[in-house]
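>>> Next comes the sequence, and after it the predicted model I'd like to discuss.
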Amino acid sequence: MKDIVRQKIGINVDVMDLLNEQIAKEAHSSSVYLAMASWCDHNGLMYSAEFLYKQAAEEREHMLKIFKFINDNGGTAYSPEINNITHEYNSLQDIFETALDQEIEVTKSIHKIVTRCRKVQDYGSENFLQWFITEQMEEENKFRRILEMFDLMGTDGIALKLIDERIKNE
Ligand SMILES: [Fe+2]
Ligand SMILES: [Fe+2]
């Protein structure tokens, strides 16, 4: 890397590339949650729909947080293209299982960037990512709690209505 580039960017360029990939992942998550919200809306699961709309908004905030971090530190954040969004789900349980899998993947991705930060001694970016580590733990726990309800209560019509109502409090 040329010194002139190093003078302009406060974060490591390889880390910046990974952060740009993370922007795309957060944006993708946001769109997935939106598709899930739509499915719930159409299936009369109003509280779950509301919960998932909120999740979609949160993922967009995560995306913007990284976006601004890159630009604030002299890098270039890229507005992501989003594709591969499915609107086909088998059930509410399927939605929350898919959501947990998605969150686990995001956690792994954040950890991968932190590992890179340490390797290249980009402690500023590592410090920035600490918030995301905590956030991911909370997110995963939230979805695990919801999935436990299906184990406890089942998936028939009445159980589904009860679970939907409880999701209101998540
Ligand atoms: Fe996120
Ligand atoms: Fe998330």
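Received, thanks. Numbers count the residues shown, from 1 in each chain. Ligands and ions are numbered 1, 2, ... in the order given.

>>> Closest residue of the protein to ligand 1?
As assessed by Cβ to the ion, ligand 1 sits closest to His62 within the chain, at 3.7 Å. The way it works is simple: take the backbone N, C-alpha and C, and place the C-beta from them, glycine included.

>>> and that residue, which of the three is it?
Of the three states, His62 takes helix under DSSP: H, G, I helix; E, B strand; the rest coil.

>>> Not counting sequence-adjacent ones, nearest residue to it?
Spatially, and ignoring its direct neighbours in sequence, His62 is nearest to Glu26 (4.4 Å; Cβ to Cβ, 6 or more residues apart in numbering).

>>> what about the closest residue to Gly75 other than its chain neighbours, distance to Ala57?
Excluding its sequence neighbours, the residue lying closest to Gly75 (Cβ to Cβ, 6+ apart) is Met16, at 4.5 Å. Applying Cβ to Cβ, to the nearest Å, the value for Met16 to Ala57 is 26 Å.

>>> okay, these two: which has more neighbours?
A count of neighbours by other Cβ atoms under 10 Å puts Met16 above the other of Met16 and Ala57, at 21 against 12.
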